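In: Give me the fold of what follows.
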Amino acid sequence: MYFSSSNVLFASLVSLIAVNSVTATTFSTNTKIDALTEQQVLAIAPNSADCTKASFPDECTNATVATEQLNKAFKAYKVWSLGPKAALASLIAFESGDFVYNINHFPGRPGQGTKAMLMFKWVYKFALWCGFEDEMSTIVGKPAGDVTEAETATFSNDTMKAVRALVLPVNFTFKAAPWYLVKQCKREHYTGLITDGYEGFKNYIELCIEAGDITEDRTAKWCTAISALKPADMDMPTQCTATSSTTAAASVVASPTATASPSGY
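Out: As a prediction, this is how the structure comes out:
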């Protein structure tokens, strides 16, 4: 059968378009992804490569341990898709200075802590959820389940520190953010992370954790997490430029204390 050069060229273009249509995947936060790898965690949180130079080494968690604990936390709270995993991983890394901090040092809010830097009223509820009611009752001097949120605001610093200490071990502290998402946020905020792309993340920051208007550094950290976790053939969201992602990574490496516990919720 005879083909002219123009026909051959046309056929080649059609084949190329067909291949590209198969391999190119539109960005979707609803995509199920596998367990995180250490390489992915290091891409999201580069300061977790080495804890030996951390200001508070006993609080710092390296990438090897962080990877294991993040995967356990996601499994415990049934977090499977790209949107929630990227949102939570970026939030935890952002709030803890890449897993370097476990309590708030800057400015040093009493009782604030976990890798998610929960405010004490949430730390208290999280500790109850983790099963520490007996220990907490001893600390506060009454049945811990009967303590009101208003009462938690009156606790002494020592009392808050004692309660917070219960949930700082690695097998609890990495679960704080997914616990808050699943147990404290509105259902629409969780489903939004799955279905609504960047807008879902924006609502999570502004309406769920109530951190104020979303900032460029939070967006950049999210973009870094998306880039690390998404399938290789998937497009990046339009909100993620090379400049924003690079700036975020550089700022974290250059000044880990600057991003440590910036908000709390």
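In: which residues of the stretch 51-200 of the chain fall in helices?
Out: Counting by DSSP state H, counting those that start in this stretch, the stretch 51-200 of the chain has helices at residues 63-76, 82-95, 120-129, 133-140, 149-152, 157-165, 170-173, 176-183, 187-195, 197-203.
In: Check which helices and strands the fifth one sits against.
Out: Going back to what we said before, that points to helix 149-152. helix 120-129 (3 or more Cβ pairs under 8 Å, 6 or more residues apart in numbering; DSSP states H and E). For glycine as for every other residue, the C-beta is placed from the backbone atoms N, C-alpha and C.
In: what sits up against the helix it packs on?
Out: 109-114, 118, 136, 144-145, 147, 149, 152-153, 155, 160, 163-164, 166-167, 176, 179-180, 183-184, 265 (Cβ atoms under 8 Å, 6 or more residues apart in numbering).
In: can we see that at 7 Å?
Out: Here helix 120-129 makes contact (Cβ atoms under 7 Å, 6 or more residues apart in numbering) with 110-114, 118, 136, 144-145, 149, 152, 160, 163-164, 166-167, 176, 179-180, 183.
In: Select only the buried ones of these in ChimeraX?
Out: To isolate the buried ones among the contacts of helix 120-129 in ChimeraX, judged by 16 or more other Cβ atoms under 10 Å, type:
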select :110,111,112,113,114,118,136,144,152,160,163,164,166,167,176,179,180
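In: measure residue 182 to residue 81 for me?
Out: 14 Å (Cβ to Cβ, to the nearest Å).
In: Quick check: neighbours shared by the two?
Out: Common neighbours of residue 182 and residue 81 (Cβ under 7 Å, 6+ apart) do not exist.
In: backbone phi and psi for residue 32, please?
Out: phi -70, psi 130 (degrees, to the nearest 10).
In: Tell me which helix or strand residue 221 sits in.
Out: helix 216-229 (DSSP states H and E).
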